[in-house]
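Colleague: Got a predicted model here, sequence first, then my questions.
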Amino acid sequence: MASPTPTDTAAHDTSQIPAPEGSITVTVRVLRFNPEFDDEPHWESYDVPALPTDRVLNLLINIKSYVDGTLSFRRSCAHGICGSDAMQINGVNRLACKVLIKDLLAKGNKRTTISVAPIKGLPQMKDLYVDMEPFFEAFKAVKPYLIAYGNEPTHERIQSQADRERFDDTTKCILCACCTTSCPVFWSDGSYFGPAAIVNAHRFIFDSRDEGSEERLDILNDTEGVWRCRTTFNCTDACPRGIQVTKAIQEVKQALLFKRV
Amino acid sequence: MSVTASTAPAGTSDRAGASRLSGTFYRGDPAMWSWVLHRITGALTFFFLFVHVLDTALVRVSPSAYDAVIETYKTPFVNLLEVGLVGAVLYHALNGIRVMLVDFWSQGPRYQRPMLWGLIGVWAAVMIPGTYFMLERTVSTMFGGH
């Protein structure tokens, strides 16, 4: 695979960033890309002060605020709930707001380098900002909403605790795309539904109140559906919510094979 | 499935200047590397079978042609290839069992990593003595044995 231009450009002036007591200097490498000027993405390095209790997101915000306002990335709640700031941090997909600097520090007295790149497999629009549209298309395609036929009940749709427990794990998804963009099958073939869409289908397929399981299973029985999964477990490792993604995909495969819902 | 995903080939986008990044190295789960190895050992085994079917089919051409070709295999290099073949087939078989367990055993996804370490252990336990016995005669002949 063609690697992006490996040359790191000259150091940036980061002296404006406030350095609180106890902070250390770390190097943040960002895979930057500006569609107006660049043909290819390139790495740029910033030597920034960081507290061990800082998160990677704090460093990016500091770079944007004090060094280069054109640095682009998504973030919203900054507390691991909204799922906006998924990025590839030191080679793995993580939420920038959930990775602490103290967990990335180099051993000994060596300078810590933190590499930040956009999530793979989706078009990089600018810096760490990718086009999420293919990801959400796949999500919408599995009908991620309650499907129920017949008359609406006059009271709530009642469910036992055991039935609720059946799909509890997959209700945790925040649609950050960490899993889908960690999947080698998705990188090489963008038309694979991807783990996130399957997780969200799983959430309704195994819901006792839902009557659309057949439709969804039919959609996922497609050649670009669950059978493309190669059980590499990158998705399970990447999920910031700890969802057992590969297990959910396995359960959908079994539901298709044995009609066991 | 999705219109956006399937109509745009890799590297292109409807929006100008967008780059579909593929160059960063992903530090995947050990299971990703086991899958990469599974592919490689599978392809190598296929190439062996391809050659094997061809040379065995030579018997139908003439037994002497078959003998002549088999004769060229009696070199230390081919002996090393044999060790490689056993290693590739053994890994592919063991990991194949692991992949089936991941897909069909309800506890499979949970124990995929211990299963991977286990299969590497079995592979090493077979290959280390196996390599010794497979290469013993070649090595002793090469270095002036009987």
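Modeller: Yep, it's here.

Colleague: Please enumerate the strands of chain A.
Modeller: A:24-32, A:42-50, A:86-89, A:92-95, A:113-117, A:123-126, A:129-130 (DSSP state E).

Colleague: from these, which stretch is densest packed?
Modeller: Among the strands of chain A, strand A:86-89 has the highest mean neighbour count (mean count of other Cβ atoms under 10 Å in any protein chain shown), at a mean of 25. In this view, the C-beta of every residue, glycine as well, is placed from N, C-alpha and C.

Colleague: Partner strands of that strand and their direction?
Modeller: The strands beside strand A:86-89 in its sheet (DSSP bridges) come out as strand A:92-95 (antiparallel), strand A:113-117 (antiparallel).

Colleague: possible to save the strands of chain A as JSON lines with distance to residue B:115?
Modeller: As requested, these are exported to JSON lines (distance: least, Cβ to Cβ, whole Å):
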{"stretch": "strand A:24-32", "distance to residue B:115": "35"}
{"stretch": "strand A:42-50", "distance to residue B:115": "37"}
{"stretch": "strand A:86-89", "distance to residue B:115": "27"}
{"stretch": "strand A:92-95", "distance to residue B:115": "22"}
{"stretch": "strand A:113-117", "distance to residue B:115": "31"}
{"stretch": "strand A:123-126", "distance to residue B:115": "36"}
{"stretch": "strand A:129-130", "distance to residue B:115": "34"}
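
Colleague: In CSV: the strands paired with strand A:86-89, plus mean pLDDT.
Modeller: Shown next, in CSV, are the strands paired with strand A:86-89 (pLDDT from 0 to 100):
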stretch, mean pLDDT
strand A:92-95, 97
strand A:113-117, 96
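
Colleague: wait, which of those strands is closest to residue A:15?
Modeller: Ranking the strands paired with strand A:86-89 by their distance to residue A:15 (criterion: Cβ to Cβ) puts strand A:113-117 first, at 19.4 Å.

Colleague: CA atoms of the closest one as CSV?
Modeller: C-alpha atoms of strand A:113-117 as CSV (Å, rounded to 0.1, in the frame of the first residue of the first chain):
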residue,chain,number,x,y,z
THR,A,113,5.3,10.3,20.7
ILE,A,114,1.6,10.1,20.1
SER,A,115,0.5,9.5,16.5
VAL,A,116,-3.0,10.6,15.6
ALA,A,117,-4.6,9.7,12.2
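
Colleague: now what about that strand, what contacts it?
Modeller: A:26-31, A:43, A:56, A:59-60, A:87-91, A:96, A:101, A:104, A:106, A:128, B:21, B:24 (Cβ atoms under 8 Å, 6 or more residues apart in numbering or on different chains).

Colleague: and what of stretch A:20-29?
Modeller: By Cβ under 8 Å, 6+ apart, stretch A:20-29 touches A:8, A:43-52, A:56, A:59-60, A:63, A:101, A:104-105, A:111-116.

Colleague: How many neighbouring residues does residue B:36 have?
Modeller: Using other Cβ atoms under 10 Å in any protein chain shown, residue B:36 has 14 neighbouring residues.

Colleague: before we move on, back to that, tell me which of the strands paired with strand A:86-89 sits nearest to residue B:49.
Modeller: Short answer: strand A:92-95, nearest of the strands paired with strand A:86-89 by Cβ to Cβ, at 36.9 Å.

Colleague: And the closest one, how far out from the chain middle?
Modeller: 6 Å (Cα atoms, centre = their mean, to the nearest Å).

Colleague: Tell me the pLDDT of residue A:188.
Modeller: For residue A:188, the pLDDT comes out at 89.

Colleague: One more: residue A:2?
Modeller: In the predicted model, residue A:2 carries a pLDDT score of 45.

Colleague: Please apply the same query to residue A:53.
Modeller: pLDDT recorded at residue A:53 is 96.

Colleague: Show the backbone phi and psi for it.
Modeller: Reported as degrees, to the nearest 10, the phi and psi values for residue A:53 are phi -90, psi 0.

Colleague: Does it touch residue A:100 like I think?
Modeller: Yes. Under the criterion of Cβ atoms under 8 Å, residue A:53 makes contact with residue A:100 at 6.6 Å.

Colleague: which of these two has more neighbours?
Modeller: Each of residue A:53 and residue A:100 has its neighbours counted (other Cβ under 10 Å); residue A:100 has more, 14 against 10.

Colleague: which residue sits closest to that one, ignoring its sequence neighbours?
Modeller: Among residues not flanking residue A:100 along the chain, residue A:55 sits closest, at 5.8 Å (Cβ to Cβ, 6 or more residues apart in numbering or on different chains).

Colleague: And the one you found, how far from residue A:115?
Modeller: Using Cβ to Cβ, to the nearest Å, one gets 16 Å for the distance from residue A:55 to residue A:115.

Colleague: Ok, residue B:89 next?
Modeller: Residue B:89 sits 38 Å away from residue A:115, taking Cβ to Cβ as the criterion.

Colleague: got it, and residue B:138?
Modeller: 47 Å.

Colleague: What of residue B:62?
Modeller: From residue B:62 over to residue A:115 the distance is 62 Å, taken as Cβ to Cβ.

Colleague: and what of residue A:106?
Modeller: As defined by Cβ to Cβ, residue A:106 lies at a distance of 13 Å from residue A:115.

Colleague: How about residue A:133?
Modeller: Applying Cβ to Cβ to residue A:133 and residue A:115 gives a distance of 26 Å.

Colleague: Equivalent analysis for residue A:245, please.
Modeller: Counting by Cβ to Cβ, the separation of residue A:245 from residue A:115 is 24 Å.

Colleague: so residue B:89 sits in a strand?
Modeller: No. Using DSSP: H, G, I helix; E, B strand; the rest coil, the secondary structure at residue B:89 is helix, not a strand.
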